[in-house]
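In: Sequence first, predicted model second:
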Amino acid sequence: MKHDWKAWLLPLVVSALSAGSLSGCNDSDASLHQPQPTNPIHYLSQDGVGPINAATPFNLRLIGDAFQGLNVTEETNFIEGDKYPVITIKQRTKPLLTINPDHEHSKVFSVIVHDNYIGNRLEHKIGTKFVDIYPADKIEDCVPGMEDLAGKVLCRAPNTGNILYLFSGTWDGPNNNLPPLPVLANWQIESFIWKPPLQTASTPPVPAFPEPAN
């Protein structure tokens, strides 16, 4: 059961990759070394990302209203020739979030956090080293990246089932293998990935804002 989190890894990565979110910023290396903001504008937790939670509709107007003062746009992306929308949130031109829809484009499927202006309730930051998060003798919660994420590593955030950390770094080994621990130890978080947690009938999510009018 401890590896059940991997069941949502593949569709999440495929969805995110087509948006260019996890692989796409030319400034990604620089972002790992940027000054850390002292006052994040929103926070990532297991429950959500800022006002986004498991009940949030994938709706540009409502998400735009929830992130006033930021640049909120809907873009069209393609996966295997089929187009689908994503919502991006930027502070001016600085990418903060990419929001991916579910298959029906009605709810949020995943959110990728690109910048430390979105804080992390787990207290880890983009740029944090692997060795500062995980025990030195364990990589059981990590998998090598696939497709456009080849050469990177995805790890489940400690004590969570719905947050992943994307690590990047350099080594000379094959892209479909995990780097050895002495190498992986110095890799840094490039982005966070959140997916709505599984809900039970007794714990339904509370909407952060109303459903859009028909």
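Out: Cool, got the structure. Numbering: from 1, shown residues only.
In: and the gap between the most centrally placed residue in the chain and residue 95?
Out: Nearest residue to the geometric centre of the chain (C-alpha atoms, centre = their mean): residue 193, 1.9 Å. Separation of residue 193 from residue 95 (C-beta to C-beta, to the nearest Å) stands at 14 Å. Backbone N, C-alpha and C define where each C-beta goes, glycine included.
In: picking up where we left off before, can you tell me, leaving aside adjacent residues, what's nearest to the residue nearest to the centre of the chain?
Out: In space, and not counting its chain neighbours, residue 193 is closest to residue 164: 4.2 Å by C-beta to C-beta, 6 or more residues apart in numbering.
In: partners of the one you found in the sheet?
Out: With DSSP bridges as the criterion, residue 164 is bridged to residue 156, residue 193.
In: can you check residue 88 too?
Out: residue 73, residue 98.
In: Isn't it up against residue 95?
Out: Yes. Using C-beta atoms under 8 Å, residue 88 is in contact with residue 95, at 6.7 Å.
In: where in the chain is pLDDT low?
Out: Residues of the chain meeting the criterion pLDDT under 70: 1-38, 80, 137-138, 199-214.
In: switch the cut-off to 50
Out: The chain contains residues with pLDDT under 50 at 1-3, 10, 14-31, 33, 200-201, 210, 212-214.
In: Could you count how many residues lie near the nearest residue to residue 118 once chain neighbours are set aside?
Out: Excluding the flanking residues, the one nearest residue 118 by C-beta to C-beta, 6+ apart is residue 42, at 5.3 Å. Here the number of neighbours of residue 42 (other C-beta atoms under 10 Å) works out to 19.
In: I'd say residue 70 and residue 90 touch.
Out: Yes. The pair residue 70 / residue 90 is scored as a contact, 6.5 Å apart, by C-beta under 8 Å.
In: so what sits against both of the two?
Out: The overlap between the contact sets of residue 70 and residue 90 (C-beta atoms under 8 Å, 6 or more residues apart in numbering) consists of residue 96.
In: The closest residue to residue 121 other than its chain neighbours: how many residues sit nearby?
Out: Distance criterion C-beta to C-beta, 6+ apart; nearest residue to residue 121, sequence neighbours excluded, is residue 45 at 4.0 Å. Neighbourhood size, residue 45 [other C-beta under 10 Å]: 15.
In: In this structure, mark out all the helices, start to finish.
Out: Shown for the chain, the helices assigned by DSSP state H span residues 9-18, 28-31, 60-66, 181-184.
In: Pull up the gap between residue 170 and residue 45, please.
Out: For residue 170, the distance to residue 45 (C-beta to C-beta) stands at 31 Å.
In: If anything else comes up later, I'll come back, but that's it for now.
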